[in-house]
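S.K.: Here is a sequence with its predicted model. Questions after.
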Amino acid sequence: MNLKKHQDKFAHVGFGAIVAFFFFWIISFWSIRVGMNVGLYMALVAGILKEIWDYLEGKQWSILDIIATFIGGIMVIGAVQIAVIHYEGLEKASWFIQ
């Protein structure tokens, strides 16, 4: 596998993690459960919007970039999920754990 070709995937993972955590952090003031779900979905939306932007600029879009961005969101929300279960109990966890 050519690592140079896919080197930007690390940036996509990082960006997805940042987006997911940002939306989780903002919305968790009202609801931890909703914050986790919105954070995860916003990482996916961010990946899709970035690829639309690339397409409109005439660049090649990639489904792997969308997946990498979503994986970043999954990693952060998964870590948050584990922390919430550990400190708050299963009843505060998101819908995809129950």
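M.R.: Arrived safely. Numbers count the residues shown, from 1 in each chain.

S.K.: and the gap between the residue nearest to the spatial centre of the chain and Asn37?
M.R.: A centroid search over the chain (CA atoms, centre = their mean) returns Gly73, at 1.8 Å, as the residue closest to the centre. From Gly73 across to Asn37, the span is 11 Å (CB to CB, to the nearest Å). All C-beta spots, glycine's among them, are computed from the backbone N, C-alpha and C.

S.K.: Ala79: neighbouring residues, count only.
M.R.: Neighbour count of Ala79, defined by other CB atoms under 10 Å: 13.

S.K.: for the helix or strand containing it, packing partners?
M.R.: For Ala79, the host element (DSSP states H and E) is helix 63-88. Packing partners of helix 63-88 (3 or more CB pairs under 8 Å, 6 or more residues apart in numbering; DSSP states H and E): helix 8-27, helix 32-56.

S.K.: For stretch 32-52, C-alpha coordinates in PDB please.
M.R.: Extracted in PDB, the C-alpha atoms of stretch 32-52 (Å, rounded to 0.1, in the frame of the first residue of the first chain):
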ATOM      1  CA  ILE A  32     -24.800  14.000  27.400                       C
ATOM      2  CA  ARG A  33     -26.700  11.400  25.400                       C
ATOM      3  CA  VAL A  34     -27.800  13.800  22.600                       C
ATOM      4  CA  GLY A  35     -24.300  15.400  22.600                       C
ATOM      5  CA  MET A  36     -22.700  12.100  21.800                       C
ATOM      6  CA  ASN A  37     -25.000  11.300  19.000                       C
ATOM      7  CA  VAL A  38     -24.800  14.800  17.500                       C
ATOM      8  CA  GLY A  39     -21.000  14.700  17.700                       C
ATOM      9  CA  LEU A  40     -20.800  11.500  15.900                       C
ATOM     10  CA  TYR A  41     -23.200  12.500  13.100                       C
ATOM     11  CA  MET A  42     -21.500  15.900  12.700                       C
ATOM     12  CA  ALA A  43     -18.200  14.100  12.100                       C
ATOM     13  CA  LEU A  44     -19.900  12.300   9.200                       C
ATOM     14  CA  VAL A  45     -21.400  15.500   7.900                       C
ATOM     15  CA  ALA A  46     -18.000  17.300   8.100                       C
ATOM     16  CA  GLY A  47     -16.500  14.500   6.000                       C
ATOM     17  CA  ILE A  48     -19.200  14.700   3.400                       C
ATOM     18  CA  LEU A  49     -19.100  18.500   3.200                       C
ATOM     19  CA  LYS A  50     -15.300  18.400   2.800                       C
ATOM     20  CA  GLU A  51     -15.500  16.100  -0.100                       C
ATOM     21  CA  ILE A  52     -18.300  18.200  -1.700                       C
END
